[in-house]
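> Sequence and predicted structure, then a few things I'm wondering about:
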Amino acid sequence: MWIFGRKGESGFGASSTAEDVTKGIDGTGLTALVTETGGKVKETILTETPDAKVDVMELDLNSLASNTSRESKKEGRIVIVSSEGHRITYKGGINFDKINDESSSIYAYGQSKLANVLHANELTRRFKEEKVELTANSLHPGAIATNLLRHHSILEGVVDWVGKYFLKTIPQVRSWNSCEFSIILRYNYSGAATTCYVALHPQVKGVSGEYFVDSNIGRPSSVSKDSELGKKLRDFSLGMVAP
């Protein structure tokens, strides 16, 4: 049950659903690229919507040649899911000595989510430099009940007890519904509303480098706005994947 329904400047709020924020929007001809486990996502979509057109392919996300906005003459939007957890991280924001920390530390989780915000901001800087019609924004999808705290038994117990009244469930986030464009992006419930709002709503046209919460522009942590840290993270990441 999600009870905080106050609406923001966009006209939407925490209780708004994906159906609300995409009402009246025609997504015909648009293609959604979902960078998750491709095979499983395709299987899930086709199970629930057999007529959907879904392709699994490999893309070089570091190459602007892999985006098609110039050819299509349509604005391309990159939507990066982060979390309010990006505020709780290591001193200095990113601990490059623990960049792949797989422990159960809440700081490791926060670091990964901070990296998502920094990445969106760094992409925005690059897009402006190269004058391409692409935008990149990050967002907090909402407080969602998952097994994130499975290694912290006391906290998990509290979340399990309180969560049924305040948190969005996984099915609310992942429930697919049929829609008009190539790969399905619309969901039934509020857990996906902000993602759909940023990806499709006309209010977000031309908006880039922002952090969204409850389908409104929010205020990320100060360290997430550190452009030098964003550049350092990008260079570090490229060094890790370089041949």
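In hand now; what should we look at?

> quick one, domains of this protein?
18-144+189-241, 150-188 (the TED database).

> Quick one: mean pLDDT over the first one.
So that's domain 18-144+189-241. Averaged over domain 18-144+189-241, pLDDT sits at 87.

> mind listing the strands for the protein?
76-81, 134-140, 144-145, 168-169, 211-213, 216-217 (DSSP state E).

> how about the domains of the chain in CSV, adding mean neighbour count and distance to R6?
The way it works is simple: take the backbone N, C-alpha and C, and place the C-beta from them, glycine included. Below are the domains of the chain laid out as CSV (neighbours: other CB atoms under 10 Å; distance: least, CB to CB, whole Å):
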stretch, mean neighbour count, distance to R6
domain 18-144+189-241, 17, 9
domain 150-188, 15, 15
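
> tell me which strands and helices the lengthiest helix in the chain is in contact with?
Counting residues, the longest helix found in the chain (DSSP state H) is helix 106-130. When contacts are defined as 3 or more CB pairs under 8 Å, 6 or more residues apart in numbering; DSSP states H and E, helix 106-130 sits against strand 76-81, strand 134-140, helix 227-241.

> and the angle from the second one to strand 76-81?
Same thing as strand 134-140. Here strand 134-140 points in a direction 20 degrees away from that of strand 76-81 (axes from the mean of the first three to the mean of the last three CA atoms, to 10 degrees).

> From the contact counts, what lies against strand 134-140?
strand 76-81, helix 106-130, helix 193-200, strand 211-213.

> cool, the last one as well?
In terms of contacts (3+ CB pairs under 8 Å, 6+ apart), helix 227-241 is packed against helix 106-130.

> before we move on, the earlier item: what's the closest of the strands of the chain to G110?
strand 134-140 (12.4 Å; CB to CB).

> The residue most central in space within the chain: what's it in contact with?
The residue lying closest to the centre of the chain (CA atoms, centre = their mean) is V81, at 1.8 Å. Residues near V81 by CB atoms under 8 Å, 6 or more residues apart in numbering: 116, 138-139, 141, 195.

> What of I80?
116-117, 119-120, 136-139.

> Distance check, it against P50.
Here I80 is placed at a distance of 30 Å from P50 (CB to CB, to the nearest Å).

> what's the answer for H140, then?
33 Å.

> How about T124?
On the measure of CB to CB, T124 and P50 end up 38 Å apart.

> try L134
32 Å.

> Same question for T35.
Noted for T35: a distance of 23 Å to P50, by CB to CB.

> do E122 as well
From E122 to P50 the distance is 39 Å (CB to CB).

> do the same with A192
Counting by CB to CB - A192 and P50 are separated by 21 Å.

> swap in N216?
Relative to P50, and taking CB to CB, N216 is found at 36 Å.
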